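Chemist: need a structure here:
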Amino acid sequence: MQWFNKQSRLIQVILLIIPFVNWVVEIFVRVTAVIEKPTVGNILGVVLAIVVPVWGWVDLVWVIVFNHLCLAN
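Modeler: Model prediction:
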């Protein structure tokens, strides 16, 4: 999670805009967030990232607007 947050917003958007890379980055960042801080929001984020394929697009918009992933503070 910290690695993703340290990247510039442009790099974050590029990682989230490429379809397969989006899903891989999403899973990686969310699993590390659960390892660092196992909250209900982080666990829900992992489940949504795995089960709902379009969740990465939601996170893309969320990163553009709020500068962090949805359900991962």
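Chemist: which outside residues touch the lengthiest helix in the chain?
Modeler: In the chain, assigned by DSSP state H, the helix with the most residues is helix 19-36. By CB atoms under 8 Å, 6 or more residues apart in numbering, the residues outside helix 19-36 that reach it are 1-4, 15-16, 42-43, 45-46, 49-50, 53, 55-57, 59-60, 69, 72. The C-beta positions use only the backbone N, C-alpha and C, and glycine is treated the same way.
Chemist: how big is the angle separating the next helix-or-strand element following that helix from helix 19-36?
Modeler: Next helix or strand after helix 19-36 toward the C-terminus (DSSP states H and E): helix 40-51. Per axes from the mean of the first three to the mean of the last three CA atoms, to 10 degrees, the angle that helix 40-51 makes with helix 19-36 is 150 degrees.
Chemist: can you dump the C-alpha atoms of helix 40-51 in PDB for me?
Modeler: Extracted in PDB, the C-alpha atoms of helix 40-51 (Å, rounded to 0.1, in the frame of the first residue of the first chain):
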ATOM      1  CA  VAL A  40     -13.000  -4.400   7.500                       C
ATOM      2  CA  GLY A  41     -12.600  -1.800   4.800                       C
ATOM      3  CA  ASN A  42      -9.300  -3.300   3.600                       C
ATOM      4  CA  ILE A  43     -10.700  -6.800   3.600                       C
ATOM      5  CA  LEU A  44     -13.800  -5.700   1.700                       C
ATOM      6  CA  GLY A  45     -11.600  -4.000  -0.800                       C
ATOM      7  CA  VAL A  46      -9.700  -7.200  -1.500                       C
ATOM      8  CA  VAL A  47     -13.000  -9.100  -2.000                       C
ATOM      9  CA  LEU A  48     -14.400  -6.400  -4.300                       C
ATOM     10  CA  ALA A  49     -11.200  -6.300  -6.300                       C
ATOM     11  CA  ILE A  50     -11.200 -10.000  -6.900                       C
ATOM     12  CA  VAL A  51     -15.000 -10.500  -7.400                       C
END
